[in-house]
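**Student:** I would like the atomic coordinates for the input below:
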Amino acid sequence: MNTELAVKQLAALAQSNRLAIYRALVVAGETGNTPNELIALLGLANATLSFHLKTLQQADLIHVEQQGRFLHYRANYPVMNELLAFLTENCCQGQPCEITTRCC
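**Tutor:** Presented below is the predicted three-dimensional model:
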């Protein structure tokens, strides 16, 4: 991962509504959430939710899949793990490290 991409992804998460959306999608797992479920969970207006979902999609942190007439948003776990790996790649001064947990 390059620094510019990491900055874009971290910037996308550096807003309270987007962070709440992302965390809700992580909790939802592979099932994901529909926009209506996210609105009910987070109490956001539809236009506000759409704006923040678009930002998270542009940063490749989430993806969307249409199932019938419903959209399901999901966290992009491989990208999340890449970002976490980038943030911790030089931890422990280059020595073997206890931080080995990766999500999903």
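**Student:** quick check: chain neighbours aside, which residue is closest to residue 59?
**Tutor:** Leaving aside its sequence neighbours, residue 59 sits nearest to residue 12 (CB to CB, 6 or more residues apart in numbering; 3.7 Å). C-beta: built from backbone N, CA, C; applies to glycine.
**Student:** pretty sure the one you found contacts residue 6?
**Tutor:** No - in this structure residue 12 lies outside contact range of residue 6 using CB atoms under 8 Å: 10.8 Å.
**Student:** the two: which is more packed in?
**Tutor:** For residue 12 versus residue 6, neighbours defined as other CB atoms under 10 Å are more numerous around residue 12 (20 against 14).
**Student:** please state the offset of the one helix or strand that one maps to from the chain centre?
**Tutor:** For residue 12, the element it lies in under DSSP states H and E is helix 3-13. Centroid separation for helix 3-13 versus its chain: 11 Å, with CA atoms, centre = their mean, to the nearest Å.
**Student:** ok now do residue 11, which residues does it touch?
**Tutor:** Going by CB atoms under 8 Å, 6 or more residues apart in numbering, residue 11 touches residue 59.
**Student:** and the pLDDT for it?
**Tutor:** With respect to pLDDT, residue 11 scores 97.
**Student:** what of residue 93?
**Tutor:** So residue 93 comes in at 73 (pLDDT).
**Student:** same question for residue 85.
**Tutor:** 88.
**Student:** other residues contacting stretch 59-79?
**Tutor:** Contacts to stretch 59-79, defined as CB under 8 Å, 6+ apart, come from residues 8-9, 11-13, 21-22, 25-26, 28, 30-35, 38, 53, 56-57, 80, 103-104.
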